[in-house]
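Colleague: Here is a sequence with its predicted model. Questions after.
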Amino acid sequence: MRKRYLPLLLTLFFVLSIISSVLASAPASFVPAETAEKMLADGNTRFLSEKYADRKIGKNERSELSKGQHPFAVIVTCSDSRVAPELLFDQGLGDLFVVRVAGNVLDAIELGSVEYAVEHLGAKLVVVLGHEKCGAVKAALDGGDLPPNIKAIADKIQPAVAVAKEQKAANLYEAAADANVINMIASLRSDPVIAHLEGVQLVGAKYHLESGQVTFFK
Ligand SMILES: [Zn+2]
């Protein structure tokens with residue numbers, strides 16, 4: 001009698017394992033860009049008011065995230081120790097795909113990182129986040145004799161320095177930092193992979209060191 005049920009049980013087990021593997025690999029419902037921007041703005045509000053959310057950093061979250069990641073936004077920002085995206089947007093593990101490099105510049109490697117996040121992980125919002133008093137922008141503006149690798153970063157910021165000078169901006173450093181963000185958004189916009197993806201939005205923003213506020217460019 002029991003032997004009669006064995007094939008049935010094995011079949012059932014087989015079917016259930018297929019269903020669970022399909023569910024595990026099914027694409028998550030991606031967060032639309034507008035919602036993602038609001039989530040970031042709300043997180044920054046919590047950061048400003050020092051009323052933080054329960055951060056998803058515990059062992060349960062780590063266990064869940066070990067199965068896969070679906071970050072809701074990509075943040076391209078500076079390596080500056082004062083500009084930590086997960087903190088200033090009050091987010092947990094798995095929420096943000098972060099590309100950090102001094103001066104928040106985008107070259108092939110950084111563009112490739114953003115391409116991966118939007119094409120394979122499904123993030124719909126890409127934020128290029130500049131900040132006040134950026135050392136990389138200062139190096140580009142001040143010029144001088146820079147070591148080759150730092151010069152490579154400064155060279156990437158030079159077009160923004162030219163824009164700031166052309167504008168005769170009162171604060172050349174801050175104007176150059178803002179122009180640099182806009183230039184990097186343009187680089188993303190002309191990227192062949194990112195440009196054709198539906199629903200992806202690119203937005204510039206600036207982090208203010210003292211107030212802690214992130215302002216999104218309109
Ligand atoms: Zn910086």
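Modeller: Sure thing, it's come through.
Colleague: Run through the protein and note the low-pLDDT ranges.
Modeller: Residues of the chain that meet the criterion pLDDT under 70 lie in 1-28.
Colleague: again, only using 90
Modeller: Using pLDDT under 90 as the threshold, the predicted model of the chain has low-confidence ranges 1-29, 54-57, 195-196, 218.
Colleague: Mind jotting down where the strands sit in it?
Modeller: 73-77, 96-100, 125-131, 201-207, 214-216 (DSSP state E).
Colleague: Only alpha carbons, please: show the third one as CSV.
Modeller: This points to strand 125-131. Listed next in CSV are the C-alpha coordinates belonging to strand 125-131 (Å, rounded to 0.1, in the frame of the first residue of the first chain):
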residue,chain,number,x,y,z
LEU,A,125,16.3,55.5,-10.7
VAL,A,126,19.9,56.6,-11.1
VAL,A,127,21.0,59.5,-9.0
VAL,A,128,24.3,61.4,-9.5
LEU,A,129,24.9,62.9,-6.1
GLY,A,130,27.5,65.7,-5.9
HIS,A,131,28.3,67.5,-2.7
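Colleague: Could you see whether the ion lies near that strand?
Modeller: No: under the criterion of C-beta under 5 Å from the ion, strand 125-131 makes no contact with the ion; the nearest approach is 5.6 Å. To be clear about C-beta, it is placed using only N, CA and C from the backbone, and glycine gets the same treatment.
Colleague: How about residue 216: what's its closest non-neighbour residue?
Modeller: In space, not counting the residues next to it along the chain, residue 216 is nearest to residue 205; the distance is 4.8 Å by C-beta to C-beta, 6 or more residues apart in numbering.
Colleague: Which residues are in contact with that neighbour?
Modeller: Neighbour list for residue 205: 127-130, 181, 214-217 [criterion: C-beta atoms under 8 Å, 6 or more residues apart in numbering].
Colleague: and this protein, which of its residues are near the ion?
Modeller: For the chain, the residues in contact with the ion under the definition C-beta under 5 Å from the ion are 78, 80, 134.
Colleague: who wins for neighbours among these?
Modeller: Comparing the residues of the chain next to the ion on neighbour count, residue 134 comes out first with 26 neighbours (neighbours: other C-beta atoms under 10 Å).
Colleague: Looks like it contacts residue 178 (just checking).
Modeller: No: applying C-beta atoms under 8 Å as the test, residue 134 and residue 178 come out as separate, 10.3 Å apart.
Colleague: Give me the neighbour count for the residue nearest to residue 215 when sequence neighbours are not counted.
Modeller: If the residues on either side of it in the chain are set aside, residue 215 comes closest to residue 206, at 5.4 Å by C-beta to C-beta, 6+ apart. Counted by other C-beta under 10 Å, the residues lying close to residue 206 total 19.
Colleague: quick revisit: tell me the buried residues within the contacts of residue 205.
Modeller: The neighbour-count criterion (16 or more other C-beta atoms under 10 Å) marks 127-130, 181, 214 among these as buried.
Colleague: Tally up the residues packed near the closest residue to residue 100 other than its chain neighbours, please.
Modeller: Of all residues not flanking residue 100 in the chain, residue 79 sits nearest, at 4.9 Å (C-beta to C-beta, 6+ apart). The tally of other residues near residue 79 (other C-beta under 10 Å) stands at 13.
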